[in-house]
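Visitor: Structural data only, the sequence is not supplied:
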């Protein structure tokens, strides 16, 4: 296991969650914040959301209803879930999730209309296996977006219309990337035009819904600037883009490898992105936040994997410190940040524990028993 970097003293930051720091510090039961929910604590700053899947919106419903003011559908609205067979739409699961959210007063986010992954082959290829033409692809895209957005009209406040169109080096995601799962058949067939067309089509279907471009690694300067340039171009073309989503999948400890993306995961770098995009007049949402326990780029083996019982207290505190630092920055920019969403609800259901390696991660505010963690206390006590 890598040794943790020396931790800064957290006593001043988290007097409620640490014992022995200050004899006069109030304990959790005495703290007025201990009686508040997450959404109550942040009511004057921004919506606090969570992503739910087709099971967790039921199994984790007490947490969703009590602590969160917004819900994102994790996979239920992606292309292959709604129209895996051409012309056959399957809305039941997504309808149930959105109806649950609305019945419980949660704002709703649809994720994601156009993405290079989780799309069926019929979109890009004819029955003979040959690629469709640009006009055919754009026609299929328009038909899908129109049907989906119209179906949920008035029930979805915000849509991630286009997701992850930029590569790590700041170039457009095309069809020539080395890894198949990084290639975009959208771009390969239709070029960059598909992005503007997706936004125009979604806006026509529901003019009141807020439309977002969503992407990751916004703290990397090349990607940060490329996303800004793309958004600026779209706005100059009068494309109806209302906001930008920053995913914010963070590591508790940034990598020491300067070539690893997480080495640039600083509050300063992410804040620069937030303010850069807001300078375009766009609403900014943090859309997919979690804080992994693992160090990016480190060659972990199975013996190094954490279980909930084996997480060192020092690492729990470091994760809490990390959450606190980013949320302090979000609050500082709450005039331009309208929503902060966690990518999951509790540690027993996180995409970071779903890789083939079998490595479990614990990146959220609530543990596997749905109890608040030190990270929760850290963002509540300010």
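Guide: Arrived safely, thanks for sending. Worth saying up front: this structure is predicted, and the values here are computed from it rather than measured.
Visitor: Which helix in this protein has the most residues?
Guide: Using DSSP state H to define each element, the chain has its longest helix at helix 313-332.
Visitor: Show the average pLDDT along it.
Guide: Helix 313-332 shows a mean pLDDT of 98.
Visitor: what's whichever helix or strand comes after that helix packed up against?
Guide: Downstream of helix 313-332, the first helix or strand assigned by DSSP states H and E is strand 337-342. Packing contacts for strand 337-342, counted by 3 or more C-beta pairs under 8 Å, 6 or more residues apart in numbering; DSSP states H and E, involve strand 47-52, strand 70-73, strand 107-114, strand 283-292, helix 313-332. Backbone N, C-alpha and C define where each C-beta goes, glycine included.
Visitor: Which neighbouring elements make contact with the fourth one?
Guide: Pointing back at strand 283-292 there. Against strand 283-292 (3+ C-beta pairs under 8 Å, 6+ apart) you get strand 210-215, strand 243-246, strand 249-251, helix 267-278, helix 313-332, strand 337-342.
Visitor: Show me the one of these that comes nearest residue 224.
Guide: Shortest separation from residue 224 across those is recorded for helix 267-278, at 4.8 Å, computed as C-beta to C-beta.
Visitor: Quick check: buried residues in the closest one?
Guide: 267, 270-271, 273-274, 276-278 (16 or more other C-beta atoms under 10 Å).
Visitor: so what's the backbone phi/psi at the nearest residue to residue 197 once chain neighbours are set aside?
Guide: Once flanking residues are discounted, residue 197 sits nearest to residue 138: 5.6 Å by C-beta to C-beta, 6 or more residues apart in numbering. Backbone geometry at residue 138, expressed as degrees, to the nearest 10, gives phi -60, psi -40.
Visitor: Which single one of the buried residues of helix 267-278 is nearest to residue 176?
Guide: residue 273 (26.6 Å).
Visitor: one step back: mind listing what's buried in the longest helix of the chain?
Guide: For helix 313-332, by 16+ other C-beta under 10 Å, it's 315-327, 329-331.
Visitor: before we move on, the earlier item: which ones are touching the residue nearest to residue 197?
Guide: 190, 193-194, 197 (C-beta atoms under 8 Å, 6 or more residues apart in numbering).
Visitor: Help me confirm that residue 255 comes into contact with residue 294.
Guide: No. The criterion here is C-beta atoms under 8 Å, and residue 255 misses it with residue 294 at 9.9 Å.
Visitor: Neighbour count for those two, which is higher?
Guide: residue 294 (22 against 18; other C-beta atoms under 10 Å).
Visitor: pLDDT weak spots in the stretch 101-250 of the chain?
Guide: Scanning the stretch 101-250 of the chain for pLDDT under 70 picks out no residues.
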